[in-house]
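In: got a predicted structure plus its sequence, pasted below:
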Amino acid sequence: MDREQLLREVNYKAVKSSGPGGQHVNKTASKVELQFDVEESAGISEEEKSRIIEKLESRLTKGNILILQSDESRSQHKNKEYVSQRFLNIVEEALKKPKIRKKTRPSKASKMKRLKKKKMNAEKKAGRKDPLK
C-alpha cells in the first residue's frame, strides 16, 4: 500500500457544514468530503482491493466508493487533514490480516481444578438442604 499514491487518488469536496455556528456556517464551506474509488486505485494490489471491499462492505457505495466526511473544525484545511488521516487509518485497518487461532487443549491441572471447584460447590449446596428429608 502506497500512502502517497492513495492520497493522490482521493477526491476532496468542500460543502457547507450543518449545526450551530450562526452566520459563519451559512456562508463558508468548511465541511470536507473525501471520495475514494477502491476499484480504480493504482496504489493497492488486486488482493488488497478485494480485502478492502470485503472488510469495508458496509461503508462502501454500490460502485465500491468509500465516502468519508469531517466537520470537526471550522477550518477547511484542518478538516481535510482529519479526514485524510481517518481514511488512511481505515484502509490500514482493513488491510490487516487476522491472526490465525491456534487450537489448544485445557491442561490436566486446569481440568482437576475445575472438577475440584465443581465438587466443592455441589457440597456447599448439598449442605443447605434440610437434613430431615
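Out: That came in fine, so what should we check first?

In: so where is this protein shaky, pLDDT-wise?
Out: 19-22, 24-25, 133 (pLDDT under 70).

In: show me where this protein has strands.
Out: Listed in chain order, the strands of the chain (DSSP state E) span 11-15, 31-37, 65-70.

In: okay, those strands in JSON lines with distance to residue 49 and mean neighbour count next?
Out: The C-beta positions use only the backbone N, C-alpha and C, and glycine is treated the same way. Shown next, in JSON lines, are those (distance: least, Cβ to Cβ, whole Å; neighbours: other Cβ atoms under 10 Å):
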{"stretch": "strand 11-15", "distance to residue 49": "18", "mean neighbour count": "13"}
{"stretch": "strand 31-37", "distance to residue 49": "10", "mean neighbour count": "19"}
{"stretch": "strand 65-70", "distance to residue 49": "12", "mean neighbour count": "17"}
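
In: reformat those as TSV; add distance to residue 132.
Out: Below are those laid out as TSV (distance: least, Cβ to Cβ, whole Å):
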stretch	distance to residue 132
strand 11-15	80
strand 31-37	77
strand 65-70	72
